[in-house]
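Engineer: fold the following.
(one chain, ligands or ions: 1)
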Amino acid sequence: MKKSKDLSDLKQVLHTRFLKLKRRMRKAGMPIVEIETGRTIERQAYYFETGASKTMESNHLTGDAVDIMFVTAPHWEGANSERMKVLEENCIAVGLINGGIMWGWDEQHIEIDPQFIAPEVDSTSILISTAILMIEDGLQSNDSEYSQRIIEKAVDALERLIEIDFIPERSITLWQRFSNIFKK
Ligand SMILES: [Zn+2]
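Structural biologist: Numbering: from 1, shown residues only. Model prediction:
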């Protein structure tokens, strides 16, 4: 895996929780954006040699970590800034943890919080909410190619759920109404 910003390089649980985090930060008026998701061993070695990373066993190698920056300047902030505090609170709320909480540096590096106990929900609900979060995320992006790709993926997932009757027929009318809102 070379350096990537593609959220689909992340494991599914991290992908979904990260989209929730992005949503919360956007609502708080402090939008964040992913700058690196997956990583090759060669790139990790480069970061290790230059001191940008302190390990050769990074979770970026396995799709278990994502690095972010703030959309508005300053894009990087230290642990004690207001935005960083809000980021940490929202990480914890959705079952994520950042470098600041884990080891006191690398605040903009985010992983799954191993202590977090996720509420029990069925897999269909997770799929549907992830698809909705993806659509929302796609609509927010300034990168129109990214938007297009991510929205298509999400719509495709929802359509497959409709095909196999995971989404009951009565919900389809609702969904159509909903997707029309997004098309505008
Ligand atoms: Zn990182």
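Engineer: show me the shaky parts of this protein.
Structural biologist: Low-confidence segments of the chain, defined by pLDDT under 70, are located at 1-2, 163, 165-184.
Engineer: once you drop chain neighbours, what's closest to the residue in the chain that the ion sits nearest to?
Structural biologist: Ranked by CB to the ion, the top residue of the chain for proximity to the ion is H109, at 3.3 Å. No exception for glycine: its C-beta is placed from N, CA and C like everyone else's. Spatial nearest neighbour of H109, chain neighbours left out: G99 (4.1 Å); criterion: CB to CB, 6 or more residues apart in numbering.
Engineer: so what's the one you found up against?
Structural biologist: Each residue near G99 by CB atoms under 8 Å, 6 or more residues apart in numbering is listed here: W105, D106, E107, Q108, H109, I110.
Engineer: can you put those residues in CSV and add neighbour count and secondary structure?
Structural biologist: Conversion of those to CSV gives the following (neighbours: other CB atoms under 10 Å; DSSP: H, G, I helix; E, B strand; the rest coil):
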residue, neighbour count, secondary structure
W105, 11, coil
D106, 17, coil
E107, 22, coil
Q108, 20, coil
H109, 21, strand
I110, 27, strand
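Engineer: for those, which one is nearest P31?
Structural biologist: Sorting the contacts of G99 by distance to P31 puts Q108 at the head of the list, at 13.6 Å, by CB to CB.
Engineer: correct me if wrong: the closest one contacts V66.
Structural biologist: No: shown here, Q108 and V66 do not form a contact pair, counting by CB atoms under 8 Å, at 9.4 Å.
Engineer: where along the chain do the helices fall?
Structural biologist: Read by DSSP state H, the chain holds these helices, from start to end of the chain: 12-27, 41-50, 82-94, 99-103, 123-140, 144-163, 169-183.
Engineer: using PDB, list the CA coordinates for the third one.
Structural biologist: What follows is helix 82-94, C-alpha atoms only, in PDB (Å, rounded to 0.1, in the frame of the first residue of the first chain):
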ATOM      1  CA  GLU A  82      -9.300  24.500  21.600                       C
ATOM      2  CA  ARG A  83      -9.900  22.700  18.400                       C
ATOM      3  CA  MET A  84      -7.700  19.800  19.500                       C
ATOM      4  CA  LYS A  85      -9.700  19.500  22.700                       C
ATOM      5  CA  VAL A  86     -12.900  19.300  20.600                       C
ATOM      6  CA  LEU A  87     -11.300  16.800  18.400                       C
ATOM      7  CA  GLU A  88     -10.300  14.600  21.300                       C
ATOM      8  CA  GLU A  89     -13.800  14.800  22.900                       C
ATOM      9  CA  ASN A  90     -15.400  13.800  19.600                       C
ATOM     10  CA  CYS A  91     -12.900  11.000  19.000                       C
ATOM     11  CA  ILE A  92     -13.900   9.500  22.300                       C
ATOM     12  CA  ALA A  93     -17.600   9.900  21.700                       C
ATOM     13  CA  VAL A  94     -17.500   7.800  18.500                       C
END
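Engineer: thank you, goodbye.
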